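Novice: here are the coordinates; sequence isn't available:
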């Protein structure tokens, strides 16, 4: 039979009190991190995450584009005997092929950039915004979510009498998780890249479209 003395009960009570204090302290720290520190880290990091993501995507895309002729592969312009534009057609196969290659390169670039993370000042952990960028730098991890996706955007701008500048953009969207001490924050990034530009000589009709049902992918209606 075990006999509990007054001294034994006192020791056990002290242990329970110590454990309760430790648990309360840990809970307080976690709540402070979640509700005070994390918002400050997010505010000071979000712009850096977007900039890092955009630079990674742009570099990856330009690596693919540097030796390619884009406009002539994408667009065919048909003119009448007076040199006026009758029709503009878009090559769906070439557009899809390039988009697939660009997205693959962008995804790889985003993964590589995420491995390095971003640096923030250790002052962010004080919970005081004014100290967010102070002190030694620590790395916050990033993690891409799913795959990047894209769409084409076409823009027509007058460049003079019977001259029209035709620009084709690729808009790449991606989601990145910022991994924080007690949670994660999803940050959405949109990167618009000018793929190609050409000057079209000749009068262009107000409306025309013959892009093999690619009107959601490439808008070939000029601006008014």
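Specialist: On my side now, so go ahead. Being a predicted model, the structure only gives us computed values, none of them experimental. Numbers count the residues shown, from 1 in each chain.
Novice: separation between the residue nearest the centre of the chain and residue 57?
Specialist: Per Cα atoms, centre = their mean, the C-alpha nearest to the average position across the chain is that of residue 189, at 2.7 Å. From residue 189 across to residue 57, the span is 8 Å (Cβ to Cβ, to the nearest Å). Quick note: C-beta positions are derived from backbone N, CA and C, even for glycine.
Novice: which neighbours do the two share?
Specialist: Common neighbours of residue 189 and residue 57, using Cβ atoms under 8 Å, 6 or more residues apart in numbering, are residue 174.
Novice: which residues in this structure form helices?
Specialist: Assigned by DSSP state H, the chain shows helices spanning 6-32, 38-65, 71-74, 92-116.
Novice: could you check the angle helix 38-65 makes with the first one?
Specialist: In other words, helix 6-32. If you take axes from the mean of the first three to the mean of the last three Cα atoms, to 10 degrees, helix 6-32 sits at 50 degrees to helix 38-65.
Novice: Can you mark which positions in helix 6-32 are buried?
Specialist: Within helix 6-32, no residue qualifies as buried by neighbour count (16 or more other Cβ atoms under 10 Å).
Novice: ok, now the second one?
Specialist: By neighbour count, with 16+ other Cβ under 10 Å as the criterion, the buried positions of helix 38-65 are 38, 40-42, 44-45, 48-50, 52-54, 56-58, 60-61, 65.
Novice: now the shortest one
Specialist: Buried residues in helix 71-74, counted by 16+ other Cβ under 10 Å: residue 74.
Novice: That one - what's its average pLDDT?
Specialist: For helix 71-74, the mean per-residue pLDDT is 85.
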